[in-house]
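Student: mind folding the following:
(chains A, B, C and D)
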There are 2 protein chains.
Amino acid sequence: MRIGELAAQSGVTAKTIRFWEAEGLLADPVRTPSGYRDYHPDVIDRLSFIRHAQTAGLTLAEIRQVLAISDTGEPPCGHVTDLIHQHLTDVDERIRELTETRSLLDRLAQRAADQDPADCDGYCAILQPPDSPQRSDAAAIRR
Amino acid sequence: MRIGELAAQSGVTAKTIRFWEAEGLLADPVRTPSGYRDYHPDVIDRLSFIRHAQTAGLTLAEIRQVLAISDTGEPPCGHVTDLIHQHLTDVDERIRELTETRSLLDRLAQRAADQDPADCDGYCAILQPPDSPQRSDAAAIRR
DNA sequence: GTAAACCTTCCACTTCGATGGAAGGTCAAG
DNA sequence: CTTGACCTTCCATCGAAGTGGAAGGTTTAC
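Tutor: Below is the predicted model:
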């Protein structure tokens, strides 16, 4: 399978596949006699994994880490478990933040919906919610 | 309140505050006679809102949109509602993706945990899960 | 046997969201 | 009245994750 087909099958552009290869997320593939990359269909799963991990908020560097350790196939996989648990924690944290912001947006929408035009005194009441969110987390957002 | 204190209070660096101002997310603040920015404490809430919206996956451009419309204080706020609903949909989508990836990571962790060393035949079994995830979504991940 | 489609490498550029640092002005303490 | 912390603007740079395009080789289809 050449890169164009892999791209078509996976939904990841050929450019990006080469980029990920250069970044060490994909092993150098076999080449055809003429130098074309020749992929095993399993690579599709790997690309899919990378995309999934990305939507989890992992950087390519982190994903490379997971993949690299996983690729060694070292027996007890202790490292892997640690790493994955770390990333699980990260993802949970991101879901928590997202959910919080979702409810914030929801409250904004609510306020916008049942707002009497008269309530808009100069400043639309949307910005400073009466139940001003606690700010204790402000410094924690480092991403 | 000068920019340094605002930075300390909000957990957003002074550099970033100036940057956000330049990007149109914050109004030009009042200046002291000597030209120093002089902030009302309410700005802390605005900074906090921006951070929250960022973790929701909104770009600064989108956040600027929401804030700008909200700032006009236009009576029916129809635009605002539309926009916020759009962003709510986005956030829901992101939460969905994250949850999916969370469960993927979870399965990986599980597999790593109850894996017999012997099962690691060359390739750590972590990468190609037997229940290969359906790939129908591969093209949909555009972010 | 030639045109189109596809592949190669390499290098530059893009966008987003900041950060760093220079050069200089201001303010409060000792 | 000087030292140090803090502020100003402006401009360059960064890192992440690609994307574009040139220059050239290969394969396929007619």
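
Student: alpha carbons only for contacts and neighbour counts from here, please
Tutor: Will do.

Student: please, which helix or strand holds whatever residue of chain A ends up closest to DNA strand C?
Tutor: Going by CA to the nearest atom of the strand, DNA strand C is nearest to A:Gly4 of chain A, at 3.2 Å. For A:Gly4, the host element (DSSP states H and E) is helix A:3-10.

Student: the closest residue to DNA strand D within chain A: what's it in contact with?
Tutor: Across chain A, the shortest distance to DNA strand D (CA to the nearest atom of the strand) belongs to A:Thr59, at 3.3 Å. Not one residue lies near A:Thr59 by CA atoms under 8 Å, 6 or more residues apart in numbering or on different chains.

Student: again with A:Thr32
Tutor: Contacts for A:Thr32 (CA under 8 Å, 6+ apart) come out as A:Asp38.

Student: from chain B, how far off is it?
Tutor: Going from A:Thr32 to chain B by CA to the nearest CA, to the nearest Å gives 24 Å.

Student: and that residue, what pLDDT?
Tutor: A:Thr32 is assigned 96 on the pLDDT scale.

Student: how far away is it from A:Ile3?
Tutor: Between A:Thr32 and A:Ile3 the computed distance is 12 Å (CA to CA, to the nearest Å).

Student: what does A:Gly11 give?
Tutor: Counting by CA to CA, the gap from A:Gly11 to A:Ile3 is 11 Å.

Student: the more surrounded of these two?
Tutor: Neighbours around A:Gly11 and A:Ile3, counted as other CA atoms under 10 Å in any protein chain shown, are more numerous at A:Gly11. The numbers are 21 against 18.

Student: around DNA strand D, pick out the residues from chain A.
Tutor: Within chain A, the positions near DNA strand D by CA under 7 Å from any atom of the strand are A:13, A:15-16, A:19-20, A:32-35, A:58-61.

Student: show me where chain A has strands.
Tutor: Secondary structure of chain A (DSSP state E): strands located at A:30-31, A:37-38.

Student: reformat those strands as a markdown table; add distance to B:Thr72.
Tutor: Listed next are the strands of chain A as a markdown table, based on distance: least, CA to CA, whole Å:
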| stretch | distance to B:Thr72 |
| --- | --- |
| strand A:30-31 | 59 |
| strand A:37-38 | 55 |
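
Student: got JSON lines for these, with mean neighbour count and distance to B:Leu26 too?
Tutor: JSON lines is the format used below for the strands of chain A (neighbours: other CA atoms under 10 Å in any protein chain shown; distance: least, CA to CA, whole Å):
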{"stretch": "strand A:30-31", "mean neighbour count": "12", "distance to B:Leu26": "53"}
{"stretch": "strand A:37-38", "mean neighbour count": "16", "distance to B:Leu26": "50"}
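
Student: of all those, which one comes closest to A:His85?
Tutor: Closest approach to A:His85 among the strands of chain A (CA to CA): strand A:30-31, 33.1 Å.

Student: show me what contacts the nearest residue to A:Gln54 once chain neighbours are set aside?
Tutor: Among residues not flanking A:Gln54 along the chain, A:Leu60 sits closest, at 7.3 Å (CA to CA, 6 or more residues apart in numbering or on different chains). Going by CA under 8 Å, 6+ apart, A:Leu60 touches A:Leu25, A:Ile50, A:Gln54.

Student: okay, stretch A:52-63 in PDB with CA atoms only?
Tutor: Extracted in PDB, the C-alpha atoms of stretch A:52-63 (Å, rounded to 0.1, in the frame of the first residue of the first chain):
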ATOM      1  CA  HIS A  52      -7.400   9.600  18.900                       C
ATOM      2  CA  ALA A  53      -4.600  10.400  21.300                       C
ATOM      3  CA  GLN A  54      -4.400  13.900  19.800                       C
ATOM      4  CA  THR A  55      -8.100  14.500  20.400                       C
ATOM      5  CA  ALA A  56      -7.300  13.400  24.000                       C
ATOM      6  CA  GLY A  57      -5.000  16.500  24.200                       C
ATOM      7  CA  LEU A  58      -1.800  14.500  24.000                       C
ATOM      8  CA  THR A  59       1.000  16.200  22.100                       C
ATOM      9  CA  LEU A  60       2.800  14.400  19.400                       C
ATOM     10  CA  ALA A  61       5.800  14.200  21.800                       C
ATOM     11  CA  GLU A  62       3.600  12.400  24.400                       C
ATOM     12  CA  ILE A  63       2.100  10.100  21.800                       C
END
